[in-house]
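1. Pasting a predicted model and its sequence here:
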Amino acid sequence: MAIRDTGKAPTRVKPKERFDFFHDERVRSVLYQLLTACVVGWLVWYLITNTAHNLEVRGMNTGFGFLTATAGFDTDFKLVEYEPGVGTYGRIFLIGCLNTLLVSFLAVIASTILGFIIGILRLSSNWLVARLALAYVELVRNTPLLLQIIFWYVGVFSILPRVKNSIDLSGGAEVAFLNNRGLYMGWPIPGDLFWMTITAFVIAVIAVVFLKRWAHKRQDNTGQQFPTFTASLALLIVLPGIVYLMTGSPLGWDLPTLQGFNFVGGAALPPAFLALLIALSIYHAGHLAESVRAGILSVNKGQTEAALAIGLRPGRAMALIIIPQAMRAIVPPMISQWMNVVKNSSLAVAIGYSDVVALFMQTALNQAGYAVEMVGMTMAFYMFISLSISGVLNIYNKRVQLVER
């Protein structure tokens, strides 16, 4: 009997998949995750119950009811109203958090600006400028931050003139004074119509954003540059200034005046705040400067040569071409530096600045005695701020990163 050849390849029959519970990859991954979650949950439960039992055996109170109890001590620096014997420990925690956020926010801004300047100067073609920037970086980075804080507090601000011989920083206008008790300066007192000036300033900021977008589109389409800096500066000054003058200048000033042994009125910043702010700014600027230098060096030299070839000046080439591309390498280490600024502000306890550690985890803890709760709240505060900084900058980092196609 003859067999006909149809010319078709024989069909392959797939073997039936057999489900093996113990060898299936998906089952094992889920199982391992459940086991890990159970172990972590058991450890957390064990720590909590064991801590609660030990505290109960020692007769120590637990819970967060102490936050509503009145605190009997005062602080030399606070941003919100507080009266000893009336304010609560919850208020003390708020004051400490605000003080920490204030010095950290200002230090982040100052260290970022100074770090970019020093990082760019490290690459200067001027030998003296580059070496001075290098000396700054090496000196700051190789000296402990705690010693720098103590140096500024003990070696600078403590030897300033006394109150009667205060240094007039305003050049005779008697608006800002510096002495060994801190910085005293005038404080603005807004009038009834000052909100219109603020509204005009917000409108000017929005107009600047749209102006920059329009200028970029115009440059992409025509190649012509628009003086955005001058126009933006004019918008931010002229528009609010006109509104301010038309509403009758509704802004007064509370100026510090010398009465007795100290200044009265205005705003005052203690020496501990100033020393901590300067030390944090200078120290972290040195670390950030190296990140800026490395980010600039990561950009191909051809980018600089191309920018100079089309007629851009070195400064414009750095601002428009090099820095935007270098931000891809600068942002990741900058995230760590910003978080370190917040966490290193806790070293203020060495010079007596009223941050959250000194107020809440030391003075308040010694009086109330809720050690576990207070330490946990302080840790949660620092963790929340660090995660917030990381989250915001990671969003920006994703926007500036190159996308592979």
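-> Received it, and whenever you're ready, just let me know what you need.
2. hey, let's count contacts and neighbours off CA atoms from now on
-> Noted.
3. just how off-centre is the helix or strand containing residue 279 within its chain?
-> According to DSSP states H and E, residue 279 maps onto helix 271-297. Centroid displacement of helix 271-297 relative to its chain, using Cα atoms, centre = their mean, to the nearest Å, is 12 Å.
4. What is that helix packed up against?
-> Contacts defined by 3 or more Cα pairs under 8 Å, 6 or more residues apart in numbering; DSSP states H and E place helix 271-297 against helix 89-121, helix 127-141, helix 145-150, strand 182-185, helix 323-344.
5. what mean pLDDT would you report for the first one?
-> In other words, helix 89-121. The predicted model assigns helix 89-121 a mean pLDDT of 92.
6. what's the distance between it and the middle of its chain?
-> Distance, centroid of helix 89-121 to centroid of chain: 6 Å (Cα atoms, centre = their mean).
7. name the helices or strands packed onto it?
-> Applying 3+ Cα pairs under 8 Å, 6+ apart, we find helix 89-121 packed against helix 127-141, helix 271-297, helix 323-344, helix 356-358.
8. again, only using 10 Å
-> Judged by 3 or more Cα pairs under 10 Å, 6 or more residues apart in numbering; DSSP states H and E, helix 89-121 is in contact with helix 127-141, helix 271-297, helix 323-344, helix 356-358, helix 371-400.
9. before we move on, the earlier item: and the helix holding residue 279, which residues are buried?
-> Residues of helix 271-297 classed as buried by neighbour count (16 or more other Cα atoms under 10 Å): 271-296.
10. what mean pLDDT does that helix have?
-> For helix 271-297, mean pLDDT rounds to 92.
11. for stretch 378-390, same thing?
-> Stretch 378-390 shows a mean pLDDT of 90.
12. Could you pull out the buried residues of that stretch?
-> Residues of stretch 378-390 classed as buried: 378, 382, 386, 389, 390 (neighbour count, 16+ other Cα under 10 Å).
13. The last one and residue 340: what is the separation?
-> Using Cα to Cα, to the nearest Å, one obtains 11 Å as the distance from residue 390 to residue 340.
14. Need the residues touching each of the two.
-> When contacts are counted by Cα atoms under 10 Å, 6 or more residues apart in numbering, residue 390 and residue 340 have residue 334 as shared neighbours.
15. before we move on, back to that, most neighbours per residue, which of the helices and strands packed on helix 271-297?
-> strand 182-185 (a mean of 23; mean count of other Cα atoms under 10 Å).
16. Against which helices or strands is that strand packed?
-> Other elements packing on strand 182-185 under the criterion 3+ Cα pairs under 10 Å, 6+ apart are strand 167-168, strand 176-179, strand 262-264, strand 267-269, helix 271-297.
17. can I get the ones you listed in CSV with distance to residue 28?
-> Listed next are the helices and strands packed on strand 182-185 as CSV, based on distance: least, Cα to Cα, whole Å:
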stretch, distance to residue 28
strand 167-168, 72
strand 176-179, 67
strand 262-264, 71
strand 267-269, 59
helix 271-297, 42
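18. among those, which is nearest residue 50?
-> helix 271-297 (38.8 Å; Cα to Cα).
19. and stretch 352-361, which residues are buried?
-> With burial defined by 16+ other Cα under 10 Å, the residues of stretch 352-361 counted as buried are 353, 354, 355, 356, 357, 358, 359, 360, 361.
20. cool, and stretch 223-242?
-> By neighbour count on 16+ other Cα under 10 Å, the buried set for stretch 223-242 is 228, 232, 235, 236, 240, 241.
21. Give me the subset of those that lies in helices.
-> Per DSSP state H, helices hold the following members of those: 228, 232, 235, 236, 240, 241.
22. for these, which one is nearest residue 205?
-> Distances from residue 205 to those, taken as Cα to Cα, are shortest for residue 236 (6.7 Å).
23. Nearest residue to the closest one in space, please, no chain neighbours.
-> Spatial nearest neighbour of residue 236, excluding adjacent residues (Cα to Cα, 6 or more residues apart in numbering): residue 204 at 5.5 Å.
24. Got the confidence number for that neighbour?
-> pLDDT, residue 204: 91.
25. Figure out the helix or strand that it lives in.
-> Per DSSP H and E, residue 204 falls inside helix 194-222.
26. Give the other helices and strands that that helix contacts.
-> Applying 3+ Cα pairs under 10 Å, 6+ apart, we find helix 194-222 packed against helix 228-246.
27. for the record, mean pLDDT for the helix it packs on?
-> What helix 228-246 shows for mean pLDDT is 88.
28. same question, stretch 68-78
-> So the average pLDDT for stretch 68-78 ends up being 83.
29. which residues touch residue 117?
-> Contacts for residue 117 (Cα under 10 Å, 6+ apart) come out as 111, 133, 285, 288, 289, 292, 293.
30. Now do the residue nearest to residue 188 when sequence neighbours are not counted against residue 155, distance only.
-> Spatial nearest neighbour of residue 188, excluding adjacent residues (Cα to Cα, 6+ apart): residue 253 at 4.5 Å. Going from residue 253 to residue 155 by Cα to Cα gives 33 Å.
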